[in-house]
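Enquirer: pasting the structure only:
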């Protein structure tokens, strides 16, 4: 990035805390913008149901129909848009990829990785299906989707490791939730959703 995205003035290298960063220096009539680097935020939706015949618990998974990892299996999910919250993004992505309308119950996992070129984060939300119909035909993004038992999940050779970890934990142990509460904003800022620890699990 060579120019400030806020005011258009040239950026210069300047030490900010531990790192040299591209800065729009305020003493040069700049606005003070600091480029902190590239960040991405993704979400996954954990939807659990029970087999109508056996009662065995199952997890919703999708098989990708696009690169990267075309043909691989994963939890439904994707990237968060700038104008939505993480829980809204999880609900939207599950709807877009599987056809199921859901509501967010709470957060069950969070992953962060600092690579050399980008810092990536991924949050997994427990969702409850409340409507819609699961897609039965391939789409541009998704080859297929469905609910799978623990034994079926264990036999999937191309299931993403993080998705396997979450699905296995959901079907064999109690995942403890961070549940949403509304917190007042500072000053004149609007209220926001904060996810906080709960003693209730995904089994309750």
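Expert: Here it is on my side, so go on. Everything numeric here is computed off the predicted structure, so don't read it as measured data. Numbering: from 1, shown residues only.

Enquirer: center of this structure - which residue?
Expert: residue 43 (0.8 Å; C-alpha atoms, centre = their mean).

Enquirer: Doesn't it lie inside a helix?
Expert: No: using DSSP: H, G, I helix; E, B strand; the rest coil, the assignment for residue 43 is strand, not a helix.

Enquirer: mind listing what it touches?
Expert: Counting by C-beta atoms under 8 Å, 6 or more residues apart in numbering, residue 43 touches 77, 78, 79, 80, 86, 89, 90, 93, 122, 123, 124, 125. Every C-beta, even on glycine, is put in place using the N, C-alpha and C of the backbone.

Enquirer: list the contacts for the fourth one?
Expert: Taking C-beta under 8 Å, 6+ apart as the definition of contact, the neighbours of residue 80 are 41, 42, 43, 86, 89.

Enquirer: Next: the third one.
Expert: Each residue near residue 79 by C-beta under 8 Å, 6+ apart is listed here: 40, 41, 42, 43, 89.

Enquirer: Pick the one among the contacts of residue 80 closest to residue 190.
Expert: Distances from residue 190 to the contacts of residue 80, taken as C-beta to C-beta, are shortest for residue 86 (16.4 Å).

Enquirer: So that closest one sits against residue 122, correct?
Expert: No: contact criterion C-beta atoms under 8 Å: residue 86 and residue 122 do not qualify, at 9.9 Å.

Enquirer: Give the residues shared as contacts by these two.
Expert: 41, 43.

Enquirer: tell me which residues form a beta bridge with residue 192?
Expert: Counting by DSSP bridges, residue 192 forms beta bridges with residue 183.

Enquirer: ok, it - contacts?
Expert: Counted by C-beta under 8 Å, 6+ apart, residue 192 has contacts 182, 183, 185.

Enquirer: State the distance from it to residue 86.
Expert: 11 Å (C-beta to C-beta, to the nearest Å).
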